[in-house]
Each structure stands twice: as structure tokens, then as C-alpha cells.
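Undergrad: Output the structure for:
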Amino acid sequence: MQVAQDTVVSLHYELLNSQGDLIEKTEEPIEYLHGGYDGIFSLVEQALQGKYAGETCEVYLRPVDAFGEYDETLVQIEPHAKFPSKLEIGMRFEGEAEGSSEMLIYTVTDIADEKVVVDGNHPLAGMALRFRCTVGAVRAATAEETEHGHVHGAHGHHH
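TA: Presented below is the predicted three-dimensional model:
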């Protein structure tokens, strides 16, 4: 079966930075619902259109095509009292963006003098990336998957 609208695509992928250093690699394949459901980067989805199991592709992603540009306004300094007492750099917390109701994941990047620096940018924001992948399998999506806009997997899915 060919990758097309409303198919479930299984992929093995590697994500590299612009210097060719490996950032992430799948051990097990990922699955996404193909056809504009935002399950994978848009440029990758375009490159996979019409491919068959076993075929490969490599896509260069500018920051705007991947995790966005780095936004300095998403870096905030907060009082340590707002956080658990056992706080470490690298810990992540969900919170609202300042002046917005949008929920973001903030990463603790520094702790000093009873202040905590948190960054709401994705760790790969501002980076150009290379996405290399191999199509593992392609199948028709179920009616429930297309209705919900995501893959449900072998054992169904409950909302």
C-alpha cells in the first residue's frame, strides 16, 4: 500500500542537527496518521506522500518547519518558592505562557539565589534539522482513527 490520505504510516527515523550529529533515533517504529492531522512535520508528510514500505526519504527542516524559532520571551525568572524543594536543572513543569492561556512545558535551566530560570521553548527550537526516515509499513486507517485524527494502535483507544 502507498502512503496516501488517511493511511497509518509506520516509520523508523533519525533526527540530526545541521552539522550531522545524531539527536534522536527510533528503537521501535513510530506511527502517525497521514493526511494533514499534524502527527508529523508537514514537510516530512509531503516527502512521504506516495512512498511504499521500504522506501526512504531525507528532509531538511528550517526552524520554522520544525520546532519554531527560539523565543526569548518564553524565558522567565521565578521565585524558588513556586517550585518543589527538591528542584534540579532539567526538570520540567507545565505552566501558562505569560499573558496567555496557552499551556507550555517549561524546563528549569538555572537555579541561583532563590530564583529559578525556566524556559518554555522546545529544546530544539531555533535549530535546523535533518529528518531521515524509512517507511516500515502502511495500512488504511480505521474510521475511528480518521474521526479522532490520530492512530489508535493494536488495542484500540479510549478517550
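
Undergrad: any idea where the strands of this structure begin and end?
TA: Counting by DSSP state E, the segments of the chain that form strands are 7-17, 22-25, 30-34, 56-61, 75-79, 92-96, 103-112, 115-119, 129-140.

Undergrad: tell me the angle of the longest one relative to strand 30-34?
TA: Think strand 129-140. Relative orientation of strand 129-140 versus strand 30-34 (axes from the mean of the first three to the mean of the last three C-alpha atoms, to 10 degrees): 70 degrees.

Undergrad: Could you do the fifth one as well?
TA: Here strand 75-79 runs at an angle of 120 degrees relative to strand 30-34 (the same axes, to 10 degrees).

Undergrad: now swap in the fourth one and tell me
TA: An angle of 80 degrees separates the directions of strand 56-61 and strand 30-34 when computed by the same axes, to 10 degrees.

Undergrad: elements contacting strand 56-61?
TA: helix 42-48, strand 129-140 (3 or more C-beta pairs under 8 Å, 6 or more residues apart in numbering; DSSP states H and E). Every C-beta, even on glycine, is put in place using the N, C-alpha and C of the backbone.

Undergrad: wait, which of the ones you listed is closest to H80?
TA: strand 129-140 (34.2 Å; C-beta to C-beta).

Undergrad: rewinding a little: out of the strands of the chain, which gets the lowest mean score?
TA: Sorting the strands of the chain by mean pLDDT places strand 92-96 lowest, at a mean of 89.

Undergrad: circling back to that earlier point, now the strands of the chain in TSV, with mean neighbour count and distance to E45?
TA: Shown next, in TSV, are those (neighbours: other C-beta atoms under 10 Å; distance: least, C-beta to C-beta, whole Å):
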stretch	mean neighbour count	distance to E45
strand 7-17	19	9
strand 22-25	12	18
strand 30-34	20	6
strand 56-61	16	9
strand 75-79	13	31
strand 92-96	13	27
strand 103-112	15	24
strand 115-119	18	28
strand 129-140	18	11
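
Undergrad: Same list (those) but as JSON lines, adding distance to I40.
TA: Listed next are the strands of the chain as JSON lines, based on distance: least, C-beta to C-beta, whole Å:
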{"stretch": "strand 7-17", "distance to I40": "8"}
{"stretch": "strand 22-25", "distance to I40": "14"}
{"stretch": "strand 30-34", "distance to I40": "5"}
{"stretch": "strand 56-61", "distance to I40": "10"}
{"stretch": "strand 75-79", "distance to I40": "28"}
{"stretch": "strand 92-96", "distance to I40": "23"}
{"stretch": "strand 103-112", "distance to I40": "19"}
{"stretch": "strand 115-119", "distance to I40": "25"}
{"stretch": "strand 129-140", "distance to I40": "9"}
